[in-house]
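> requesting a structural model of the entry that follows:
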Amino acid sequence: MASLNLAVRKARPEDVRSCLGVEESQGDDTFSEHDFLGSITEPNAIFLVAELDKSVVGFVLGFIVPTRKKEAILHSTMVHRQHCGKGVGSSLVRGFAERAFERGAELVYAEVEEGPDKFYEKCGFEKTSVWNSMVLRKGK
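All right, here's what the predicted structure looks like:
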């Protein structure tokens, strides 16, 4: 693989539009502009972007669990479709884990669906369980 001019750094407000573009490239709309902006200022959040030649091409977002300070949850890793397979995602996951451990976490959990779980295993995660997400909507 050719050497990439890749940098992983803390997200800034001016990165939000690019992060929305990354989501759009993957046909995803999990996070809104408001979500991204809130994550930048949330003290328990770890929100990083990957820059390739000064353009944001991916992000990772998760949190130190406020009630269990020794745990972090990696909620989402997303790379622009044009840059998949170049090591961007694994660099983001490494950056997230490094920052979580620096902040006192001893465990990092990844919330993943089937399919991406193989990616996380390649990043060193171990499958501990399979579980379903349940949701309760307001007014139901």
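> list the contacts of Lys10.
Lys10 makes contact with Phe47, Leu48, Val49 under the criterion C-beta atoms under 8 Å, 6 or more residues apart in numbering. Placement of C-beta: from N, CA and C, glycine included.
> and it, its phi and psi?
Main-chain dihedrals, Lys10, degrees, to the nearest 10: phi -60, psi 140.
> report the separation between it and Leu52.
When C-beta to C-beta, to the nearest Å is the yardstick, Lys10 and Leu52 sit 16 Å from each other.
> now swap in Arg17 and tell me
Between Arg17 and Leu52 the distance, using C-beta to C-beta, works out to 16 Å.
> who's more crowded, the two?
Leu52 (19 against 11; other C-beta atoms under 10 Å).
> one step back: top of the contacts of Lys10 by number of neighbours, please.
When neighbours are taken as other C-beta under 10 Å, the top entry among those is Phe47 (27 neighbours).
> and that residue, that's in a strand?
Yes - assessed by DSSP: H, G, I helix; E, B strand; the rest coil, Phe47 belongs to a strand.
> contacting residues around it?
Lys10, Ala11, Phe36, Ser39, Ile40, Phe59, Val60, Leu61 are the contacts of Phe47 under C-beta under 8 Å, 6+ apart.
> which of those residues count as buried?
When burial is judged by neighbour count using 16 or more other C-beta atoms under 10 Å, the buried members of the contacts of Phe47 are Ala11, Phe36, Ser39, Phe59, Val60, Leu61.
> and the helix or strand bottoming out on mean pLDDT in the chain, what other elements does it pack with?
When each helix and strand of the chain is scored by mean pLDDT, DSSP states H and E, helix 116-122 comes last, with a mean of 82. Using 3 or more C-beta pairs under 8 Å, 6 or more residues apart in numbering; DSSP states H and E as the contact definition, the elements that helix 116-122 packs against are helix 88-102.
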